[in-house]
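**Student:** Curious how this folds, go ahead:
(chains A and B)
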Amino acid sequence: MARTKFINKGSFIDNLPKIYGTYTGGFLIFIILMAIAESAGMTAKTIGIMFVAFTVCIYALIGWLSRTVQVDAYYVAGRQVPTVFNGMATAADWMSGASFVAMAGGIYFGGYTYMGFLVGWTGGYILVSSLLAPYLRKFGCYTVPDFIGTRYGGNLARFCAVVVLTLASFTYVTAQINATGTIAARALGIPFELGVWVGLVSILLCSMLGGMRAVTWTQVAQYIVLIIAYLLPIFWISNKGGYGIFPHLMLGEEVARLGELEAQFGLVKNAAADIKAAGVPGGLKSIALPHSEVPSGGMAAWKFISLTLCMMVGTASLPHILMRYFTTPSVKAARKSVAWSLFFIALLYTSAPMLATLSKLSLMDPNLPTGIIGKEISAVMSIDWVSAWTAQKQAFIADFNGDGVLQLNEWFMRGDVVVLSTPEIAGLPYVISGLVAAGGMAAAMSTADGLVLAIANALSHDIYFKIIDPKADVRKRLIVARALLVIIGAFGAYIASMRITSILGAVAWAFDFAMSGLFFPLVLGVWWKRATRQGAIAGMITGLGAGTAYLIYVYPKFMGNPAWIGIDHLRFGIIGASVCLVVMVVVSLMTPEPDSATQKLIDECRIPSGKTILGKQH
Amino acid sequence: MSNKKKHWEKTKAQMIVTMLLWFFFGYVIFMFGESLNSASFLGYPLAYYMCAQGSIVAFVIILFWSANKQEKIDEEFGFSGGEES
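**Tutor:** So this is what the prediction gives:
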């Protein structure tokens, strides 16, 4: 059994650095081969197809090699994933299509105000490491509701946790499948609706046969692709344009220059009526916010802080992230692994503002050959990339004042275009654009995999096995788990193909849903012995209920009421989590203390050494 | 106080210190973003820099530091023994 030897034995774990080292080398050689093929005359389209097809086939191969028939391998990758590799897998799990494709675009348009997301999407890992991951690892659960169900006891608590998990993860997963669809459609030259299903099949190939084990090893492979695809163009552009060898430390002047250009061109917010009259396609924006200037006033500071708060607390409540730390060999390893995760995430996050800066400057600076603002519109329209993106309705020019010259507020673009087109705008070879498409695909697929698996595992383990049929044998459990994976994936793809969500709105909502219902039941479950079952159930129901009600109340497309002290639809988790906390504490204090068995359980989970609380197979 | 209790007290203290650092780099500096931005670091306006890189790097350092500290606490009370799932 060559395969079992490859993937089952300790030797596989010991050989990981070698295996992934070879893989990275192979990928770099593939990039070079493509570059040679490009200079030999291979078309841009073929290169795009090659990049996406080649990488997806590798992931599928890893998924196939990692197939398993064991419950603990399927649910927690056999609990043998070393810290650094789990860090990479978590980073891929975490960085979604939105992080990869939309984040630099968000900074491009939103500047400092948008950058609250950067702080929010990183700081949450401190909560994960200090409050939750080591304790959940000691508990030995397979899923997040497994912890809630065991700590508080009873099927109702478990069921409520599954509801919150499903709602939060599902909001998130449609956006990811949407992103895989967009990228697959563009790279392979197929319609979006078909691209979504191609994306889904790729996602299922990675996860179905091997569950968490397969997802872990494909996510590591996907991380390597996505980080190369993100960093290579940034360093290339920065060096090519003479901005600095190491852009992260050397773009101070460029940021200052952007401030000057903003003052020169003027930041104008277009009236909604003008935009509509000019026929600007939906989702396209113009630059109206300063790049590095901090908006003045206490309200602006509060909006920044409240956004980071929601994203951080949401991070610590998202089940697909928490469950990554169930796969490490020990409690100590879980803690270290959180630190490695953020290290790998930071490599991309600290680069996004640099990409946005370079991209913005190359368009705005009239002294650069790539600059378009302040030039004749007819000349701008004849630039290759402008006409290509305009034809796809990803960019748009509206000559509001009719002077034939492009003003800053007359140039519209979709946020995603920043990452996808910057290599092209800066005049890099097409091979880099193909690489970026492969990176975006890897980012969206890895997150979708983690999310679909989190939902399917909660339904198969917590609903089917723990509540409906506790006597089911291993074979039956794994069949149910896989069937659910396909059903949930297909449902997500169906929703995505209807195109009803924009990437970012939905992503932020997932954090708010998760924090409304899960944060305090999880944290107090470890840190407050007095928390009772009734308290947790009441907290989850009222927290999620209050959060959702507030979302409906403020979201412009629902009731559209004015936001209360700046808490808009991106921040509704603040309402949900506060209600959850208050209700949970009050109800817990009104109900009798948890029994001594539960108290002992909590004491036990606070000790990092010794056996897990739930058995190896449960 | 039993060994377990003492271990938990120290763990709690470590958690609180970590949370304070987290609060400082995640919130306190951004409360004063407007005034911080007039200072500069590596040529970047300071608040912009903290947002783009500074706080994120601080979070990574805090995580490694805190994990090491907690490991020391576990060792001190004999809870760091190799543990099996």
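
**Student:** going forward, measure contacts between C-alpha atoms and count neighbours the same way
**Tutor:** Will do.

**Student:** And the helix or strand hosting A:Ala175, what's buried?
**Tutor:** Under the assignment given by DSSP states H and E, the secondary-structure element containing A:Ala175 is helix A:155-188. Of the residues in helix A:155-188, those buried by neighbour count under the rule 16 or more other Cα atoms under 10 Å in any protein chain shown are A:155-188.

**Student:** quick one: the next helix or strand after it to chain centroid distance?
**Tutor:** Counting by DSSP H and E, the element after helix A:155-188 in chain order, helix or strand, is helix A:192-207. Using Cα atoms, centre = their mean, to the nearest Å, the mean C-alpha position of helix A:192-207 is found 17 Å from that of the whole chain.

**Student:** which strands and helices sit next to helix A:192-207?
**Tutor:** Under the contact criterion of 3 or more Cα pairs under 8 Å, 6 or more residues apart in numbering or on different chains; DSSP states H and E, the helices and strands touching helix A:192-207 comprise helix A:44-65, helix A:155-188, helix A:211-240, helix A:430-457, helix A:474-497.

**Student:** Show me which residues of it are buried.
**Tutor:** With the criterion 16+ other Cα under 10 Å, helix A:192-207 contains buried residues A:192-193, A:195-207.

**Student:** OK, contacts around residue 64?
**Tutor:** No chain specified, so I'll use chain A. If you count contacts by Cα atoms under 8 Å, 6 or more residues apart in numbering or on different chains, A:Trp64 has them with A:205-206, A:209-210, A:214.

**Student:** Please refer instead to chain B.
**Tutor:** Shown in contact with B:Phe64 (Cα under 8 Å, 6+ apart): A:336, A:339.

**Student:** mind checking pLDDT for it?
**Tutor:** Residue-level confidence at B:Phe64 comes out at 97, pLDDT.

**Student:** in whichever strand or helix holds it, what counts as buried?
**Tutor:** Under DSSP H and E, the secondary-structure element containing B:Phe64 is helix B:55-76. For helix B:55-76, burial by neighbour count (16+ other Cα under 10 Å) applies to B:55-60, B:62-64, B:66-67, B:70-71, B:73-74.

**Student:** Over to stretch A:223-241?
**Tutor:** Applying a neighbour-count criterion of 16+ other Cα under 10 Å, the buried positions in stretch A:223-241 are A:223-231, A:233-238.

**Student:** Now narrow the residues you listed to whatever sits close to chain B.
**Tutor:** Intersecting those with the contacts of chain B gives an empty set (criterion: Cα under 8 Å from any Cα of the partner chain).

**Student:** ok, which pair from the residues you listed is furthest apart?
**Tutor:** By the measure Cα to Cα, A:Tyr223 and A:Ser238 form the most distant pair in the buried residues of stretch A:223-241, at 22.7 Å.

**Student:** Strands of chain A, start to end?
**Tutor:** Applying DSSP state E to chain A gives strands spanning A:284-285, A:395-397, A:411-414.

**Student:** Partner strands of the longest one and their direction?
**Tutor:** If I follow you right, that is strand A:411-414. When sheet partners are counted by DSSP bridges, strand A:411-414 sits next to strand A:284-285 (antiparallel), strand A:395-397 (antiparallel).

**Student:** so of those strands, which one's packed in deepest?
**Tutor:** Neighbour counts averaged per stretch over these are highest for strand A:395-397, at a mean of 23; criterion: mean count of other Cα atoms under 10 Å in any protein chain shown.

**Student:** Spell out the residue ranges of the strands in chain B.
**Tutor:** Under the criterion DSSP E, chain B carries strands at the ranges B:40-41, B:44-45.

**Student:** export those strands to CSV and tack on mean neighbour count and distance to A:Pro295?
**Tutor:** Rendered in CSV, the data for those read as follows (neighbours: other Cα atoms under 10 Å in any protein chain shown; distance: least, Cα to Cα, whole Å):
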stretch, mean neighbour count, distance to A:Pro295
strand B:40-41, 14, 17
strand B:44-45, 22, 13
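
**Student:** Any idea which of those gets closest to chain A?
**Tutor:** Ranking the strands of chain B by their distance to chain A (criterion: Cα to the nearest Cα) puts strand B:44-45 first, at 4.5 Å.

**Student:** list the helices and strands that closest one packs on?
**Tutor:** Using 3+ Cα pairs under 8 Å, 6+ apart as the contact test, the elements touching strand B:44-45 are helix A:252-265.

**Student:** In the helix it packs on, which of the residues would be classed as buried?
**Tutor:** Using 16+ other Cα under 10 Å as the burial criterion, the residues of helix A:252-265 that qualify are A:252, A:254-258, A:261-262.

**Student:** now do stretch A:559-575
**Tutor:** Buried residues in stretch A:559-575, counted by 16+ other Cα under 10 Å: A:563, A:567-575.

**Student:** what does the stretch 251-400 of chain A put close to chain B?
**Tutor:** Proximity of the stretch 251-400 of chain A to chain B is assessed by Cα under 8 Å from any Cα, with A:251-253, A:255-256, A:292-296, A:301-302, A:304-305, A:308, A:329-330, A:332, A:335-336, A:338-339, A:342-343, A:346, A:349-350, A:353 identified as the residues in range.
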